[in-house]
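predicted model and sequence follow; I will ask about them next.
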2 protein chains.
Amino acid sequence: MNEFEFIHALREHSRTQKQSRRVIAGIGDDASVLTQLGDRDLLATTDLLLEGIDFYRDAIPPQLLGRKTLGVSLSDIAAMGGRPLWSLVSIGLPTAVWRDNFKEAFFQGYLALANQFGVTLIGGDVSQSKTEIVMDSIVLGEVASGAAVRRSGAQPGDQIFVTGTLGGAAAGLKLIQMGARLGKEGLVSLPSVSGREEKPDHEESADATIENVESKAIEQLLLRQLSPSPRVGWGIVLGEERLATAMIDISDGLSSDLRHLCDESGGGALIHASQIPANPDVATLCGRRALDPLALALHGGEDFELLFTVRPENEVRLPKRVDGVEVHQIGVITDQPGRIQIEEKSRIWDLKPGGFEHFK
Amino acid sequence: MNEFEFIHALREHSRTQKQSRRVIAGIGDDASVLTQLGDRDLLATTDLLLEGIDFYRDAIPPQLLGRKTLGVSLSDIAAMGGRPLWSLVSIGLPTAVWRDNFKEAFFQGYLALANQFGVTLIGGDVSQSKTEIVMDSIVLGEVASGAAVRRSGAQPGDQIFVTGTLGGAAAGLKLIQMGARLGKEGLVSLPSVSGREEKPDHEESADATIENVESKAIEQLLLRQLSPSPRVGWGIVLGEERLATAMIDISDGLSSDLRHLCDESGGGALIHASQIPANPDVATLCGRRALDPLALALHGGEDFELLFTVRPENEVRLPKRVDGVEVHQIGVITDQPGRIQIEEKSRIWDLKPGGFEHFK
């Protein structure tokens, strides 16, 4: 039983509970949706981030870890079409980490992102841990009554959109695993990524230019992994304008998350490879670093972009961009439940989910 | 800087945030209090439970760990005078633990307690962890607008009450550390606790009686530690009837938590040692097991009883018991800020906090 199967079983079980008061959406969506007494529904989400699984202590500066901890949960609220309001955070730190400047830097990054979106940190818990850093991020938000965008609302013919670009965060993770690190000033160090040999002087200059372009691309990809930007503005627009029929954030990977959306909606999907907005920095590096832009865009996780569906007649109402971020139409919902097809160069094949699973 | 100082600093810092919309109580109380749009306020709390710090895997059956995970957060909602409604839980499990029956037993215990109090599990997160079991428990609740019982509302002359008995959970922890374990049927095994030598037959029967009484007491104390009962009913009564002026749950220990309450209220306290309801099972064992009932009642954590203050004229309105649990008056709030005194056998001394701190 992997975690998706277990969560499904738990969800079925929790439906048999005596009470399910005022619960519009419980287990099985990006966030839970609860009826408040006024004309807004309450949203709640939680995300666990564990050292060695979700991040490496030596690869992410504490400030960015603080930012990412909040960011992943803001993304869940955005994926419901809601507005984030309040947050809580639980932190477990080994004593040695407690004693250095980790927590101050962590909260500097956390609170800066909170301020950016008008979110107030209202509580949390602090505990000692034995060896590993542990974070649990909780965000509460609101949405107009009945306007929460579920995973389950897509219908055949709805067009499939995605914000921003895909594959960058997964490429960043690969680069980290190859040894790339952000430097103090945001520069990258490339201990084992660069395999260059000594060259004669006249070849140094051309190499330096390539190196410079590559460094910039690597830095951008590391930041995609370490410092994701939740699409809070898009979430609010898509929810308030009731534009999206279904939505999910891309945390596990497009192939996995599109499958979650289709499963919940009882439909299938046809997507066009050429329309998937692959991250341009991955393309810059793909030759020399053996990165496959399409594979990463399809299966790479942690981009925290929004994947959503729109009725064809509403496409014209979609803004061109929100907070400077564009959307791309990548395909259409079909009436073939469970079947996700991808069209690539006049060939159509069935897409298997290849996203992240904890317990295979 | 210990965790209390850090939380205080963070609280001061978060007050400088751009927004603090609809936040009645943020960092620094048992739960956060938020304005909803109707006539109820929203409560939110989170508690992190880490293996090797908050529990030992070999000492707590998964079912009781599930129960305790929810219970500690229900206790926080009770300490605000509120009614729990919804819960989320984040779980990190090593792969080997994921593959055995841990999660099924965990949720059996968790959901049984949720059902008991009409709480609906609405979400959470599941992650792989490297080596240790990690839980973060989140509970949302409600209270009538303006009726949340803060730590800060006590005034000189208010009487100090505590639900149930104190010191049992800390005694249970000591017994676990001495090697005592719950058996399959709730019986205890005493690998290193019992130091008896072989005795002649005629002494066996008296010993067996003592052993039996002790076993029962040890079992009760282990359950106080491993399976706390949050005082949800008392919390609702004290909040809805507006009986308590200030309240906190006893998680760190009476001496620590009374200090938190006094610090927030800007007062002091005088408590009477003879009126503190020490756990009776600790008294049963105190001779042979070197347990000090008063010291454990004063400084032992994790009883999850409610400590609250009541105006003298409202004492008559207090119910005798709620859900079978009594309360005891243990002292009075004084006008000496920061000073907590204890009267013991006609002697009055200043009480130093001796409760649990993660980072000393």
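Perfect, I can see it now. Numbers count the residues shown, from 1 in each chain, chains lettered A, B, ... in the order given.

A:Ser75 in helix, strand or coil?
Three-state secondary structure (criterion: DSSP: H, G, I helix; E, B strand; the rest coil) places A:Ser75 in helix.

list the buried residues for stretch A:325-344?
Within stretch A:325-344, the residues that count as buried by 16 or more other Cβ atoms under 10 Å in any protein chain shown are A:Val327, A:Ile330, A:Gly331, A:Val332, A:Ile333, A:Thr334, A:Ile340, A:Gln341, A:Ile342. No exception for glycine: its C-beta is placed from N, CA and C like everyone else's.

which among the residues you listed gets closest to A:Ala96?
Closest to A:Ala96 out of those is A:Val327 (44.6 Å), distances taken as Cβ to Cβ.

not counting its neighbours along the chain, what's nearest that closest one?
If you skip the residues right next to it in sequence, A:Val327 has A:Phe161 as its closest partner in space, 4.8 Å away by Cβ to Cβ, 6 or more residues apart in numbering or on different chains.

that neighbour reaches A:Ile330, doesn't it?
Yes - here A:Phe161 reaches A:Ile330: they are 6.9 Å apart, a contact under Cβ atoms under 8 Å.

what two of the buried residues of stretch A:325-344 are the furthest from one another?
For these, and using Cβ to Cβ, no pair is farther apart than A:Val327 and A:Gln341, which are 21.4 Å apart.

which residues of the stretch 1-150 of chain A score low on pLDDT?
Filtered on pLDDT under 70, the stretch 1-150 of chain A yields the residue ranges A:13-21, A:37.

report the separation between the residue positioned nearest the centre of chain A and A:Thr163.
When chain A is reduced to its mean C-alpha position, the closest residue under Cα atoms, centre = their mean turns out to be A:Phe304, at 1.9 Å. Applying Cβ to Cβ, to the nearest Å, one obtains 9 Å for the distance of A:Phe304 from A:Thr163.

check A:Gly157 too.
For A:Gly157, the distance to A:Thr163 equals 21 Å [Cβ to Cβ].

more neighbours: which of those two?
Under the criterion of other Cβ atoms under 10 Å in any protein chain shown, the comparison of A:Gly157 against A:Thr163 puts A:Thr163 first, with 28 against 13.

how far does stretch A:219-235 stretch from start to finish?
One end of stretch A:219-235 sits 27 Å from the other (Cα to Cα, to the nearest Å).

which helix or strand contains the residue lying closest to A:Leu270 once chain neighbours are set aside?
Distances taken as Cβ to Cβ, 6+ apart put A:Gln341 closest to A:Leu270, at 4.8 Å, once the chain neighbours are dropped. Using DSSP states H and E, A:Gln341 sits in strand A:340-344.

which is the next helix or strand following that strand?
For strand A:340-344, the succeeding helix or strand toward the C-terminus, using DSSP H and E, is strand A:347-350.

next up, the contacts around the residue of the stretch 201-350 of chain A found nearest chain B.
Of the stretch 201-350 of chain A, the residue with the smallest distance to chain B, taken as Cβ to the nearest Cβ, is A:Ser251 at 10.5 Å. Contacts were defined as Cβ atoms under 8 Å, 6 or more residues apart in numbering or on different chains; by that measure A:Ser251 touches A:Val72, A:Ser75, A:Asp257, A:Gly301, A:Glu302, A:Phe304.

let's see it at 7 Å
For A:Ser251, the contacting residues are A:Asp257, A:Gly301, A:Glu302, A:Phe304, taking Cβ atoms under 7 Å, 6 or more residues apart in numbering or on different chains as the criterion.

in a markdown table: the residues you listed, plus distance to A:Ala246.
Listed next are the contacts of A:Ser251 as a markdown table, based on distance: Cβ to Cβ, whole Å:
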| residue | distance to A:Ala246 |
| --- | --- |
| A:Asp257 | 11 |
| A:Gly301 | 20 |
| A:Glu302 | 21 |
| A:Phe304 | 17 |
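
can you flag which of these belong to helices?
For these, membership in helices holds for A:Asp257, with DSSP state H as the criterion.

which of the contacts of A:Ser251 lies closest to B:Thr120?
Sorting the contacts of A:Ser251 by distance to B:Thr120 puts A:Asp257 at the head of the list, at 25.6 Å, by Cβ to Cβ.

appreciated, that's everything.
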